[in-house]
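Asks: Requesting a structural model of the entry that follows:
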Amino acid sequence: MVRETDLQLGDGRTLHVYDTGTDGAAGRLAVFWHHGTPNIGSPPEPLFATADRLGIRWVSYDRPGYGGSTPHRGRDVASAAADVSSVAHALGIDRFAVMSHSGGGPHALACAALLPDRVRAVTIVAGIAPYGAEGLDYFAGMAPAGVASLHAAVAGRAAKEAYEATATEEDPGFIPADLAALGGEWSWFMKVVGPAMAAGPGGLIDDDLAYVAPWGFDPAQVTAPTLILHGGRDRVVPSTHGEWLAGRLPSAEVRRSPEDGHISILNSAEAALEWLREHADQ
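Replies: Model (predicted):
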């Protein structure tokens, strides 16, 4: 069962929090799920059975501007660490692991970099790298819709807001394997995308602006064991982003899946969760 609560922060904001640890939480590993763009923070139902088997407690929240969480205009990626720290404190969680998909990757890394004594292990699935990173052609291999959206973010808030006000539904870059995954157990995404956009594109705008601005930390600060999964045919976040991150994280292990895309790579998430459990216990 997922319990949903609203957490009031000291600055007056609200975070909408999800927690599967309401029953029998003792002895379970708390794993913070960091969602992609645009999603709400509901933890990944396709992994619930595996999590139960491994003794994992999912904790997550809607990033500011999504779902039930108050917008936080001008937030950077690093601000996720303070939000997670607040949620963990409210739930009585000392140490935890983090797992992410897509745009959740930078936010998971922020927690690992800025809360090094609390984050036990990290899993990044199809994660995006910093804009302007040395040695990375940021847009190479990215679908046109993603290029246009992020170029608008690079131009600033006004340009991004104007872009979203006129944007039409375009192919995000899914390959046939992604569509097959979305037609199967990962149809779960339909439950988290619609609610994320129900009140408009504010959360998406703030996410994209944060991705292309300075993150507020260096990924090389992450010392916790880290697993990076990336599909070789990903056109939403090209695999070069995962390769760049792998080259900068001192304790990263990489699992490449040449035929997978942005969604189908999640078919490997069960094994990644097993890795997370194992390394968090070391």
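Asks: Which stretches in this protein count as strands?
Replies: In the chain, the strands defined using DSSP state E lie at 3-8, 14-19, 29-34, 56-61, 96-101, 119-125, 226-231, 252-257.
Asks: could those strands be laid out in CSV, adding mean neighbour count and distance to residue 166?
Replies: In this view, the C-beta of every residue, glycine as well, is placed from N, C-alpha and C. Output for the strands of the chain, formatted as CSV (neighbours: other C-beta atoms under 10 Å; distance: least, C-beta to C-beta, whole Å):
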stretch, mean neighbour count, distance to residue 166
strand 3-8, 14, 33
strand 14-19, 21, 29
strand 29-34, 24, 29
strand 56-61, 25, 30
strand 96-101, 26, 28
strand 119-125, 27, 31
strand 226-231, 25, 30
strand 252-257, 16, 36
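Asks: Of those strands, which is nearest residue 237?
Replies: strand 226-231 (7.8 Å; C-beta to C-beta).
Asks: Who are the packing partners of the closest one?
Replies: Judged by 3 or more C-beta pairs under 8 Å, 6 or more residues apart in numbering; DSSP states H and E, the packing partners of strand 226-231 are strand 119-125, helix 239-248, strand 252-257, helix 269-280.
Asks: Give me the distance from it to the chain's centre.
Replies: Chain-centre distance of strand 226-231: 12 Å, with C-alpha atoms, centre = their mean, to the nearest Å.
Asks: What of stretch 232-239?
Replies: Mean-position distance between stretch 232-239 and its chain equals 16 Å (C-alpha atoms, centre = their mean).
Asks: Now do the contacts for the residue nearest the centre of the chain.
Replies: Centrality entry for the chain: nearest residue to the mean C-alpha point is residue 104, 1.4 Å, by C-alpha atoms, centre = their mean. The contact partners of residue 104, by C-beta atoms under 8 Å, 6 or more residues apart in numbering, come to 33-36, 127.
Asks: Number of residues surrounding the residue lying closest to residue 114 once chain neighbours are set aside?
Replies: Once flanking residues are discounted, residue 114 sits nearest to residue 81: 3.9 Å by C-beta to C-beta, 6 or more residues apart in numbering. Residue 81 has 22 neighbouring residues, counting by other C-beta atoms under 10 Å.
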